[in-house]
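quick one, structure for this:
(3 chains)
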Amino acid sequence: VFLLTDYGNSDEFAGVLRAVVVRDAPGATVSDLTHGVPPFDVRAGALALERSALHLGPGVVVAVVDPDVGGDRRAVAVEVRGWRGPRHLVGPDNGLLPWAVDALGGVRRAVELDTALAGASTFDGRDRFAPAAARLWAGAPLDGLGPAVDHETLVRLPFPVTVVAPGRVTTEVVWIDRFGNVQLAAGAPHAEQAGISSEATLELAGRRTPLRRVDAFTDIGDDEIGLVVDANRRLALCARRGAAATTIGARVGDVAVLSP
Amino acid sequence: VFLLTDYGNSDEFAGVLRAVVVRDAPGATVSDLTHGVPPFDVRAGALALERSALHLGPGVVVAVVDPDVGGDRRAVAVEVRGWRGPRHLVGPDNGLLPWAVDALGGVRRAVELDTALAGASTFDGRDRFAPAAARLWAGAPLDGLGPAVDHETLVRLPFPVTVVAPGRVTTEVVWIDRFGNVQLAAGAPHAEQAGISSEATLELAGRRTPLRRVDAFTDIGDDEIGLVVDANRRLALCARRGAAATTIGARVGDVAVLSP
Amino acid sequence: VFLLTDYGNSDEFAGVLRAVVVRDAPGATVSDLTHGVPPFDVRAGALALERSALHLGPGVVVAVVDPDVGGDRRAVAVEVRGWRGPRHLVGPDNGLLPWAVDALGGVRRAVELDTALAGASTFDGRDRFAPAAARLWAGAPLDGLGPAVDHETLVRLPFPVTVVAPGRVTTEVVWIDRFGNVQLAAGAPHAEQAGISSEATLELAGRRTPLRRVDAFTDIGDDEIGLVVDANRRLALCARRGAAATTIGARVGDVAVLSP
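Numbering: from 1, shown residues only, chains lettered A, B, ... in the order given. Just a heads-up that it's a prediction; the model follows:
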């Protein structure tokens, strides 16, 4: 059972989630993906889950970034089509799950969790999602958890936009990691289409920065920003043992324009 | 084996605790409740452990918030009366355990850990508490760990005070979570006794704030502070996708007065 | 399988590492030592791993603090001579492993991980180190992972310097923990050699501070800095329920001079 939330590690929220899974599914291996998603940031959670999805083994994912807990957003469990990796994902129907579901082969079936499972209305991770995941882990049939949901109706977030024009990629900063690497929505094919090979110019937040396309962090000079194809096959702006995000003043959501 | 400490996640303290449990109790599932209790804050740890206790399955709890490690405070292991959840709790005798023990049915027996188990005098989590917990997990009898303790002599912290008068609940801020929700010591019955139903006024830190009683975060308006019965059945002051603690300037330990 | 990295807990890096181990070695217990090593700080990681090593049970260690990932530093797996604790350690050949390897009895054999295992060049934890550790955990022979390495050629960091003269120990701040305790490279024998028993004077960062040698935190007065032999048998500067590092203005790498 894999867990991804915005609960943080300071409070006991994530610990209670782990404990409920262990209590309801004795023998399950509980594996934290992260609890460090910024509070209420569904999109950041959806991206982190998508980046993780292809590296997971079999199991059930519980994902909770859920600003509308207790409201009328649905709580759902989704079965994916893929043959590898997790078979089920459980969480709020607010866009958190679909990108990871897509990466895992798309929806096979989905159900809305019966509200009868609910306790308090502020901690569905503990009271609804973790117990449902434990049941799925133990082999319970998906349709025992609640009524079927037309998967065309699952809420989807707008995907980050990347536009390629000759000599120009317009894209978006989607993630700044702990090391200050700046991940863009665009991938290597976008750069190629725009004719960006060795040198490039970045426009971001009103500043122009020269970039050099490199294969590894070690190829980046000390006062230089490198353009790397990162471990998720996206373009990233990186510094040598430093935080590129600070150097170029990037924040998540900023528009980035790359030109040769 | 459940772990709750103020060790943080930056150093390897919590990791060594986990490793010692796994080493001494191969096959045990180690489940972190949290290591984010503020340093030396026994009360915060006791409250977090109490909030968690009812959601845990069978096992042993190791709790360490222990400013007096190496001094003459006792190290104890407690067996609880309850039929569900953890059967044993291990930690310093400084008030950290009793509220959780109460939640789990009260003390059946308690022992003082033999100091003969001790190594260095600064890391009892590693050298005394985790090994004792591993032995209990593996089925060792409680009285093999040390001499019996009269459980009336276990150190107890003063419980947060809530006073209800007609039209007035005087209580205390006991927890501010990662989302900025402000938990009070008072519960829903206190509010009812004082005649607080839909609207209320909060006095805290010299400021007055209007409150509206709501069932869920989604019922709170954008510029409003809601009064919620939270997942621990306590009253909490909450904002919509924001930090109520910042808005109202609340800190743990502040006195809060609610009136209709 | 034990994990130690500088990945932090905010991103999903550590979670993906855990998931890859679980995927490739079903049944393995994954135990985080810490992911809070300061970014790129190989030395801090090497010290944390050395402090942990003697407390671990059998298994495989994956350690990743790897500023030169993707460059020509080697990726290695080391088998140790010791009979207790982990038998294998996997990580970059940049000085991160050897101190812990020494603590575990020294190198028996070492191999360089075949680059054929590599995927992307920025996340070797996921793509090379975790899969290699999973294979070792499952019983694969070390020499199946790549060509033998002469262990005299493994990169070693310069060890922190401690110089003892009559009436004077010159040493280095090697670690400041979450509680503000200041660990020095020197141990109790160095203090004894220099004739430091009950009272001492610290010179650090241009300031002189009186110290008192104590056995436990509880022996330290409220406005006093204590000199303690800590849980790793090193000398440490500690305050009573407070951060000694703040009081004396210490930072990692500072030179500390102790005299009676």
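
and the closest residue to A:Tyr7 other than its chain neighbours, how many neighbours?
Excluding the flanking residues, the one nearest A:Tyr7 by CB to CB, 6 or more residues apart in numbering or on different chains is A:Phe13, at 3.7 Å. Just so you know, the C-beta spots here come from the backbone N, C-alpha and C atoms, and that holds for glycine as well. Around A:Phe13 sit 27 other residues, with neighbours defined as other CB atoms under 10 Å in any protein chain shown.

and the stretch 1-150 of chain A, which of its residues are near chain B?
A:7-16, A:18-20, A:22-24, A:26, A:30, A:39-40, A:67-72, A:119-123, A:126-127 (CB under 8 Å from any CB of the partner chain).

of these, buried ones?
Among those, the ones that count as buried by 16 or more other CB atoms under 10 Å in any protein chain shown are A:7-16, A:18-20, A:22-24, A:30, A:39-40, A:67-70, A:120-123, A:126-127.

which ones among the residues you listed map onto helices?
Mapping these onto helices (DSSP state H) picks out A:13-16, A:18-20, A:22-24.

mind putting those residues in JSON lines, pLDDT included?
Shown next, in JSON lines, are these (pLDDT from 0 to 100):
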{"residue": "A:Phe13", "pLDDT": "98"}
{"residue": "A:Ala14", "pLDDT": "98"}
{"residue": "A:Gly15", "pLDDT": "98"}
{"residue": "A:Val16", "pLDDT": "98"}
{"residue": "A:Arg18", "pLDDT": "98"}
{"residue": "A:Ala19", "pLDDT": "98"}
{"residue": "A:Val20", "pLDDT": "97"}
{"residue": "A:Val22", "pLDDT": "96"}
{"residue": "A:Arg23", "pLDDT": "96"}
{"residue": "A:Asp24", "pLDDT": "96"}
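
return the member of these nearest to chain C.
A:Ala14 (10.0 Å; CB to the nearest CB).

quick one, what contacts that closest one?
Neighbour list for A:Ala14: A:3, A:5, A:7-8, A:32, A:35, B:32, B:34 [criterion: CB atoms under 8 Å, 6 or more residues apart in numbering or on different chains].

in TSV: those, plus pLDDT, secondary structure and distance to B:Arg212.
As requested, those are arranged in TSV below (pLDDT from 0 to 100; DSSP: H, G, I helix; E, B strand; the rest coil; distance: CB to CB, whole Å):
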residue	pLDDT	secondary structure	distance to B:Arg212
A:Leu3	98	strand	33
A:Thr5	98	strand	28
A:Tyr7	98	coil	26
A:Gly8	97	coil	27
A:Asp32	98	strand	36
A:His35	98	coil	30
B:Asp32	98	strand	36
B:Thr34	98	strand	31
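
just give the nearest non-adjacent residue to A:Ala130, would you?
A:Val20 (4.2 Å).

ok, the one you found touching A:Ala133?
No: contact criterion CB atoms under 8 Å: A:Val20 and A:Ala133 do not qualify, at 9.1 Å.

what number of residues lie near A:Phe129?
The burial count for A:Phe129: 30, using other CB under 10 Å.

wait, a helix at it?
Yes: per DSSP: H, G, I helix; E, B strand; the rest coil, A:Phe129 lies within a helix segment.

A:Thr153: neighbour count?
Counted with other CB under 10 Å, the neighbours of A:Thr153 add up to 10.

what sits against it?
Going by CB under 8 Å, 6+ apart, the list of residues near A:Thr153 is empty.

which bits of chain A sit near chain C?
Counting by CB under 8 Å from any CB, chain A sits next to chain C at A:2, A:4, A:9, A:29, A:31-36, A:48-49, A:51-52, A:55-57, A:177-179, A:215-219, A:228-231, A:233, A:241.

hmm, which of these are the buried ones?
Buried members of these, scored by 16+ other CB under 10 Å, are A:2, A:4, A:9, A:29, A:31-36, A:48-49, A:51-52, A:55-57, A:177-179, A:216-219, A:228-231.

just those: which are in helices?
Checked against DSSP H, those include these in helices: A:48-49, A:51-52.

between those residues, which is closest to A:Ala186?
If you rank those by distance to A:Ala186 using CB to CB, A:Arg51 comes first, at 15.0 Å.

where in the stretch 151-260 of chain A is pLDDT low?
Along the stretch 151-260 of chain A, no part satisfies pLDDT under 70.

now the strands for it?
For the stretch 151-260 of chain A, strands defined by DSSP state E, counting those that start in this stretch occupy the ranges A:163-165, A:168-176, A:182-187, A:199-204, A:207-213, A:225-229, A:234-238, A:255-259.

ends of stretch A:48-59, how far apart?
18 Å (CA to CA, to the nearest Å).

what do you get for stretch A:54-66?
End-to-end distance of stretch A:54-66 (CA to CA): 23 Å.

so for it, what gets flagged as buried?
Neighbour-count burial for stretch A:54-66, counted by 16+ other CB under 10 Å, picks out A:55-57, A:59-66.

report the distance from that stretch to the chain centre.
Centre-to-centre, stretch A:54-66 and its host chain are 10 Å apart (CA atoms, centre = their mean, to the nearest Å).

from the stretch 101-250 of chain A, which residue is nearest to chain B?
As assessed by CB to the nearest CB, chain B sits closest to A:Phe123 within the stretch 101-250 of chain A, at 3.5 Å.

list the contacts of that residue.
A:Phe123 neighbours (CB under 8 Å, 6+ apart): A:13, A:16, A:69, B:230-231.

ok, A:Ala134 next?
A:1, A:20-21, A:23-25, A:28.

ok, A:Phe129 next?
Applying CB under 8 Å, 6+ apart to A:Phe129 gives the contacts A:62, A:64, A:75, A:90-91, A:113.

from A:Asp177, how far off is it?
Distance, A:Phe129 to A:Asp177, using CB to CB, to the nearest Å: 26 Å.

same question for A:Cys238.
Separation of A:Cys238 from A:Asp177 (CB to CB): 10 Å.

likewise A:Gly82?
For A:Gly82, the distance to A:Asp177 equals 26 Å [CB to CB].

likewise for A:Thr247?
Per CB to CB, A:Thr247 is found 15 Å from A:Asp177.

swap in A:Asp230?
Taking CB to CB, one finds A:Asp230 at 9 Å from A:Asp177.

mutual contacts of those two, please.
A:Gln183.

wait, A:Pro38 touches A:Thr5, no?
No: using CB under 8 Å, A:Pro38 is not in contact with A:Thr5, being 11.3 Å away.

who has more neighbours, these two?
Neighbours of A:Pro38 and A:Thr5, each counted by other CB under 10 Å, are more numerous for A:Thr5; the result is 24 against 14.

show me the contacts for that one.
A:Thr5 neighbours (CB under 8 Å, 6+ apart): A:13-14, A:17, A:34-35, A:37, A:45, A:62-65, A:125.

residues in contact with the residue of the stretch 51-200 of chain A found nearest chain C?
Of all residues in the stretch 51-200 of chain A, A:Gly57 sits closest to chain C, at 3.1 Å by CB to the nearest CB. Listed by CB under 8 Å, 6+ apart, the contact partners of A:Gly57 are A:85-86, C:19, C:22-24, C:26.
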